[in-house]
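Asks: fold the following for me, if possible:
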Amino acid sequence: MSSLILDAEALYNELLRGMRLLLASYDQPPMLVGVASGGAWVAQRLQKDLGLAEEIGILSSSMHRDDFSQRGLASSGKTLLPFDVNGAHLIVVDDVLYTGRTTRAVLNELFDYGRPASVKLVTLVDRGGRELPIQPDLAVARVTLPASQTLELERAEDGQFSFQVQDR
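Replies: Next comes the predicted model:
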C-alpha cells in the first residue's frame, strides 16, 4: 500500500472553485454529466453546491469499453440522461483520470444519445499514464502512482469524500 495521502474534501473544494470560474464562461449553465460511479457522486454534489437547477446525467462506460469481454456489465451503473444532449453544452465529471479509456468509452456512450454543442472534462485527480490523447479541461491534482495501484474515490454516508490507494 502507498503512503500517498490525498485530502479528497480539500480537492473537492478546489474543484468547486474551478467550476465556478468555468461556469462563468457560459451564457447559460451547462449540463453536468457524471461518470458512474465516483464521477456521478462528484457531479451530484457540484450540482447542489453550485445551485444548478437541472438534474445531472450519468454515463456508464460498460457498453463501450475495449475490455468489455473481461469486465462485463457489472463494472459501472447505467446511463441516465434526463435531458436532450443535442446542441447542449456538457461538462463530464470524473473522479480520477488515468489511461483515458473510461473517458473514451463514456464519450462514445454520450454520442449514442446525440450530438452536444460542446463537451468539457473535469476531474478531481489526473494520475497521468494516458494511453489515449485525452486531457481534462480542469484537473485539481496531478499524482503519479505505479500501474500496480488503483486510486478510488469513496463516499461516506454523510456525503464526505475520501481516497483509497489499493494494490491490484
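
Asks: got any ranges where this protein has weak pLDDT?
Replies: 1-3, 65-76 (pLDDT under 70).

Asks: the same query, at a cut-off of 80, please.
Replies: The chain contains residues with pLDDT under 80 at 1-4, 63, 65-77.

Asks: and the longest helix for it?
Replies: Secondary structure of the chain per DSSP state H: the longest helix is helix 8-23.

Asks: what angle separates the helix or strand following that one from helix 8-23?
Replies: Downstream of helix 8-23, the first helix or strand assigned by DSSP states H and E is strand 31-35. Between the axes of strand 31-35 and helix 8-23, defined by axes from the mean of the first three to the mean of the last three C-alpha atoms, to 10 degrees, the angle is 150 degrees.

Asks: any buried residues in the following helix or strand past strand 31-35, and which?
Replies: Using DSSP H and E, the helix or strand that follows strand 31-35 in sequence is helix 38-49. Buried positions in helix 38-49, judged by neighbour count with 16 or more other C-beta atoms under 10 Å: 38-47. C-beta here means a position set from N, CA and C on the backbone, and glycine is covered the same way.

Asks: what bridges to residue 154?
Replies: Going by DSSP bridges, residue 154 is paired in beta bridges with residue 162.

Asks: any idea how many residues pack against it?
Replies: Per other C-beta atoms under 10 Å, the neighbour tally for residue 154 reads 13.

Asks: so it touches residue 160, yeah?
Replies: No. In this structure residue 154 lies outside contact range of residue 160 using C-beta atoms under 8 Å: 9.2 Å.

Asks: thinking again about what came up before, now the longest helix of the chain: buried residues?
Replies: 8, 11-12, 15, 19, 22-23.

Asks: again, but for stretch 145-160
Replies: Within stretch 145-160, the residues that count as buried by 16+ other C-beta under 10 Å are 145, 151, 153, 155.

Asks: with stretch 161-168 instead?
Replies: In terms of neighbour count (16+ other C-beta under 10 Å), stretch 161-168 has its buried residues at 161, 163, 165.

Asks: which of these sits closest to residue 92?
Replies: Checking those against residue 92 by C-beta to C-beta gives residue 161 as the nearest, at 18.1 Å.

Asks: list the contacts for the residue nearest to the closest one when sequence neighbours are not counted?
Replies: With sequence-adjacent residues excluded and distances taken as C-beta to C-beta, 6 or more residues apart in numbering, residue 161 is closest to residue 8, at 3.8 Å. Taking C-beta atoms under 8 Å, 6 or more residues apart in numbering, we find residue 8 in contact with 124, 153, 160-163.
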